[in-house]
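Have a look at this prediction, sequence included:
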Amino acid sequence: MSVNQPNRTRTSIRALQFIMLSLTLIVLGRVFYLQIVEYEVYAALGQENSVRQEYVDAARGLIYDRNNTLIVDNEPIYSITITPSLFDDSKIPLLSETLGVSDSLLSSKISEAQNYSWHRTSRLFTEVDFATFSAIQENLWQLPGIGHQIESKRHYPTPMKASHVLGYLREADEDEYRSSPDIRLGDKIGKSGLEMIYEDTLRGKFGINYQRVNALGQSIEDYEDPSLGRPPQRGTDIITTIDADLQLLAEELMEGKKGGLVAIDPNSGAILAMVSSPQYDLSRLSGRLDLSYWQEINADSTTPLYNRAISNRQPPGSTVKPLMALIGLTKGLIDENTTVYNSGAYIRGRPYRDTAPTGSYDLQRAITFSSNTFFFSLMDQIATKGLLNEWSSMIKDFGLGVPNPIDLPYASTGIVPDSSYMNNAFGHNKWGVGDLLSMGIGQGLLSASPLQIAQMTSTIANGGYRVEPHVVQATRNPNYGLKTKTTSNTRIDWLESSHVDHVKEAMRGVIAEGSSAYYTNNPDVPTAGKTGTAQNPHGRDHGWFTSFAPYDDPQIVVTVLIENGGYGSISAGPVAAVLIEKYIEGEISRNFVYDYVLNFVSQPTDSEKLENQEAENE
């Protein structure tokens, strides 16, 4: 070993000792300065103040009707917050007494906040009344970790409900706020309707603010460096296709009834009004959950939360006869002059009843007077010629039996059977013509929603284009301006214009000469349509009516389903007639129809009377 090696080691150790001593002196000097020289300044700040991060809620986007009438806005509410790390559990009795809640409920809320984040401020209770809010403010000095903030809840400034269109907000569950950085404990998010589908658009982004707080967690002032935070970004407004005046009338006409109504622009697919009856009161679900009301509407046997306008699956009855006619014409199974004799029943192994008067029916008379025999005969040909799958595909081209693109949740696809469906339902090749005949008149396994029948009717009204139903036409944001939603119409290429014109003429005959003429034939608004009465094994038959007007330049399609309403001509038809008159003329002049609808009482159909008589005879 070299003699110089120990000398170098000792030199390195001394240098290291010198560095450590210098650093120690610097630290001690800084401590002396802060603790002694600047004591009066920093002692107060250190003992009394700290900085806390707070979230600032973004204003939720507003909702307007097609005429820019505000239909959903926000109103202020008071919320109580908690920062768990600062809260003293011994204050639970005082806090529960001030809030007017039980200790157990309060403890549960605190535990939920702790599980969410020990250090983040989160909501404890929302929508407290002003007296409670004031009491909390007065006691903040002895409630460390407790705070308050002013938030908002949904407010509905017009008398219309539109509950199934607009939808309601509910607090996000744990899975929802854990999976999204933009959702926090206590945040309300859309759970149905437009509020659900356009949640990301309407919600906006919360802001972040830093506050100086004292040792009790009470806010003193904003932190002096605002660049650390960020302002909230308000949600984007949405402009709907709904006509508020028409919607209000539609709701009035459907009051006391059970069913669905859809009014749509047949040229664009814009939903003008939509009602599912019975409805529910959105205002009672807009703030803190009214638990008794929530339990009431969930237990209600009429299922008011269920959207009958788009989710219902009912046999469409005779409303599909115009579509059957188009398929028969296209496939060459019938022509405009084809006639079928109705003896009162179609015989195919057993009699299939026909309520139309006996006699011969061509295509136009068969639609106008709704002869079942004509369409039983047509469906018989489809079945025996092995055309079931083609028939199913052509029905689906009109929007039945397929997913609907409407911007509302839970739209039903309905059922349009093909051979695979029949094999699954009855067993492979264990079904026959008799199982298919009733689908020719919209019965049996065939099912659809009012929205789907409205879409089908729109295609006929506009000359062969399948429209895309939608409820939102544009969004509006202060930063990005107005953005119009684009939709597309699809031409059904197998349709011939002459066939469509012939069917439309027959549908005009339904209104001018058919069973609904007394209520639906308005000389000032020429209308075309089709009635339907769907058999119901669980009670009185359902009444259908679908229509478009004006006949020579269709501007509106109205489809109505009245569950247990009996004949569609006297239950659903008058509802559509009043709504069409209001939309086209701007006022209701045929008050006898309006009064009839408001006071409607369902009556049994002839087939129901016959079935009851047969049951009595047995």
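Looks like it arrived, so ask away.

From here on, just use CA atoms for contacts and neighbour counts.
Noted.

What about D493, how many residues nearby?
If you count neighbours by other C-alpha atoms under 10 Å, D493 ends up with 9.

For the closest residue to E496 other than its chain neighbours, the count of nearby residues, please.
Using C-alpha to C-alpha, 6 or more residues apart in numbering and skipping the chain neighbours, the partner closest in space to E496 is T330 (7.7 Å). When neighbours are defined as other C-alpha under 10 Å, T330 has 15 of them.

For T330, list the residues it contacts.
Each residue near T330 by C-alpha atoms under 8 Å, 6 or more residues apart in numbering is listed here: W494, L495, E496, H499.

host element of the second one?
When secondary structure is defined using DSSP states H and E, no element contains L495, which sits outside every helix and strand.

Pull the contacting residues for it.
With C-alpha under 8 Å, 6+ apart as the criterion, the residues that contact L495 are L326, T330, G464.

ok, back up a step: what's the closest of the contacts of T330 to S360?
S360 has its nearest neighbour among the contacts of T330 in H499, at 20.9 Å by C-alpha to C-alpha.

Verify the stated contact: the closest one with M324.
No - checked against C-alpha atoms under 8 Å, the pair H499 and M324 is beyond contact range at 11.5 Å.

between the two, which one's more packed in?
Set side by side, H499 and M324 show more neighbours around M324, with 23 against 20, by other C-alpha under 10 Å.

In space, what's closest to the more buried one - neighbours in sequence excluded?
G440 (6.9 Å).

cool, and I264?
Excluding its sequence neighbours, the residue lying closest to I264 (C-alpha to C-alpha, 6+ apart) is I271, at 4.4 Å.

My read is that that neighbour contacts V471, right?
Yes - taking C-alpha under 8 Å as the definition, I271 is a contact partner of V471 at 5.4 Å.

Identify the contacts common to these two.
Between them, I271 and V471 share these contacting residues under C-alpha under 8 Å, 6+ apart: T241, I242.

Look up how far K321 lies from the residue nearest to M324.
Plainly put, G440 is 7 Å away from K321 if you go by C-alpha to C-alpha, to the nearest Å.

Nearest to F133 among the contacts of T330?
L495 (65.7 Å).

Regarding that closest one, what are the backbone dihedral angles?
The phi and psi values for L495, taken as degrees, to the nearest 10, are phi -80, psi 140.

do the same with A263
For A263, the backbone dihedrals (degrees, to the nearest 10) come out as phi -110, psi 130.

Please work out how many residues are found near it.
The tally of other residues near A263 (other C-alpha under 10 Å) stands at 33.

Would you mind giving me the confidence score for R540?
Per-residue confidence (pLDDT) for R540: 88.

That one: what secondary structure?
In three-state terms, and counting by DSSP: H, G, I helix; E, B strand; the rest coil, R540 is coil.

Contacts only, for it.
Residues in contact with R540 (C-alpha under 8 Å, 6+ apart) are N564, G565, G566, P604, E608.

And the residue nearest to M324, how close does it get to G100?
Taking C-alpha to C-alpha as the measure, G440 falls 63 Å from G100.

more neighbours, these two?
Set side by side, G440 and G100 show unequal neighbour counts under other C-alpha under 10 Å, the larger going to G440 at 26 against 11.

what residues do G440 and K321 have in common as contacts?
With C-alpha under 8 Å, 6+ apart as the test, G440 and K321 both reach F375.

Any idea which residue is closest to the centre of this structure?
The central residue of the chain, meaning the one whose C-alpha is nearest the mean C-alpha position (C-alpha atoms, centre = their mean), is G193 at 2.1 Å.

That one reaches P409, doesn't it?
Yes - G193 is in contact with P409 according to C-alpha under 8 Å; the separation is 6.2 Å.

any weak-confidence spans in this protein?
Segments of the chain classed as low confidence (criterion: pLDDT under 70) are 1-8, 33-55, 209, 211-229, 606-618.

what's in contact with the strand of greatest length in the chain?
With DSSP state E setting the assignment, residue counts place strand 70-82 as the longest strand in the chain. Counting by C-alpha under 8 Å, 6+ apart, the neighbours of strand 70-82 from elsewhere in the structure are 59-65, 110, 113, 121-130, 133, 145-158, 244.

Parallel or antiparallel, list what pairs with it.
Here the strand partners of strand 70-82, with direction, are listed using DSSP bridges: strand 63-64 (antiparallel), strand 122-128 (antiparallel), strand 146-155 (antiparallel).

Next, the buried residues of that strand.
Buried residues in strand 70-82, counting neighbours by 16 or more other C-alpha atoms under 10 Å, are found at L70, I71, V72, D73, N74, I77, Y78, S79, I80, T81, I82.

Name the nearest of the residues you listed relative to E138.
Taking C-alpha to C-alpha as the measure, I80 is the one of those closest to E138, at 13.1 Å.

Tell me the bridge partners for the closest one.
F125, H148.

start at 43 instead
Sure thing, new numbering starts at 43, so read that last one as I122.

For E154, see how far away it is.
When distance is defined by C-alpha to C-alpha, I122 is 14 Å away from E154.

could you measure G189 against T168, distance?
Relative to T168, G189 is positioned 12 Å away (criterion: C-alpha to C-alpha).

cool, I626 as well?
The spacing between I626 and T168, counted by C-alpha to C-alpha, is 45 Å.

between these two, who's got more neighbours?
Higher neighbour count among I626 and T168: T168, with 22 against 15, using other C-alpha under 10 Å.

For the residue nearest to the more buried one when sequence neighbours are not counted, give its distance to D287.
Here the nearest residue to T168 in space, its sequence neighbours aside, is S121; by C-alpha to C-alpha, 6+ apart that works out to 4.2 Å. Distance of S121 to D287, computed by C-alpha to C-alpha: 35 Å.

Also N531?
With distances taken as C-alpha to C-alpha, N531 is found 27 Å from D287.

Looking at those two, which one has more neighbours?
For N531 against D287, the residue with the higher neighbour count under other C-alpha under 10 Å is D287, and the figures read 19 against 15.

Could you look up the SS state of the more buried one?
In the three-state summary, D287 is assigned as helix, counting by three-state DSSP.

So which bits of stretch 576-583 are buried?
By neighbour count, with 16+ other C-alpha under 10 Å as the criterion, the buried positions of stretch 576-583 are A576, Q577, N578, R582, D583.

Quick one: the helices in the stretch 243-392 of the chain, in order.
Counting by DSSP state H, counting those that start in this stretch, one finds helices in the stretch 243-392 of the chain at the ranges 286-296, 333-341, 363-372.
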